[in-house]
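Colleague: how does the following fold in three dimensions:
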Amino acid sequence: MYKALYLSPMIPSYDIQATGTFFKDILGFTPLMNTDNYTILSKDNLTIHILRAGNNIGQMEFYLEVDNIEEVWKNIETKVTQLKVIKPFDREYGMREIHIAVPCTQTLLFIGQEISVK
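Modeller: Next comes the predicted model:
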């Protein structure tokens with residue numbers, strides 16, 4: 001067997017700069033590479049790849065698990081007021097989550113932290 005090291009989502013975007021700015025300015029990712037057709041950003045051990053969307057862009061979702069969702073919300077709450085967002089809420093499967101529609105894409109970002117279910 002092999003050990004999976006990382007999973008890096010590849011997000012198709014209609015505006016690579018705007019989508020990259022969302023990850024950089026709101027979620028604190030650092031740009032590693034930026035061209036007209038492709039951008040890579042990183043945070044901790046994670047990378048996100050943003051590529052120019054084709055005509056038949058598909059919808060996607062991905063999950064970013066964090067260690068302190070309340071701190072994340074405190075840091076992004078005023079920065080996401082123009083986006084479609086669901087503020088932190090508890091799920092029946094033991095996660096507290098934030099949902100954000102990623103700008104210039106058909107991508108839904110779930111940010112979550114495990115909570116104890118009583």
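
Colleague: what are the contacting residues of stretch 8-22?
Modeller: Identification of contacts with stretch 8-22 by CB atoms under 8 Å, 6 or more residues apart in numbering yields 31, 34, 36-39, 41, 46-54, 57-58, 60, 62, 102-107. The way it works is simple: take the backbone N, C-alpha and C, and place the C-beta from them, glycine included.

Colleague: buried members of these into PyMOL, please.
Modeller: The PyMOL command for the buried members of the contacts of stretch 8-22 (criterion: 16 or more other CB atoms under 10 Å) is given here:
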select buried, resi 39+41+47+48+50+51+53+102+103+104+105+106+107
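
Colleague: among the contacts of stretch 8-22, name the ones in helices.
Modeller: Residues of the contacts of stretch 8-22 located in helices (DSSP state H): none.

Colleague: which residues does stretch 30-41 contact?
Modeller: Counting by CB under 8 Å, 6+ apart, 16, 19-20, 23-24, 29, 42-43, 47-52 sit against stretch 30-41.

Colleague: ok, so of these, who is nearest residue 113?
Modeller: Distance to residue 113 across the contacts of stretch 30-41 (CB to CB) is lowest for residue 43, with 15.7 Å.

Colleague: burial measure for the closest one, as a count.
Modeller: 14 (other CB atoms under 10 Å).

Colleague: send me the longest helix seen in the chain as CSV with only the CA atoms.
Modeller: Ordering each helix of the chain by length in residues (DSSP H) puts helix 69-76 first. In CSV, the C-alpha atoms belonging to helix 69-76 read as follows (Å, rounded to 0.1, in the frame of the first residue of the first chain):
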residue,chain,number,x,y,z
ILE,A,69,-13.5,27.3,13.3
GLU,A,70,-14.6,30.2,15.6
GLU,A,71,-11.2,31.9,15.0
VAL,A,72,-11.6,31.3,11.2
TRP,A,73,-15.1,32.9,11.3
LYS,A,74,-13.8,35.9,13.5
ASN,A,75,-11.1,36.5,10.9
ILE,A,76,-13.3,36.3,7.8
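
Colleague: which other helices and strands does that helix contact?
Modeller: strand 85-90, strand 95-102, strand 107-114 (3 or more CB pairs under 8 Å, 6 or more residues apart in numbering; DSSP states H and E).
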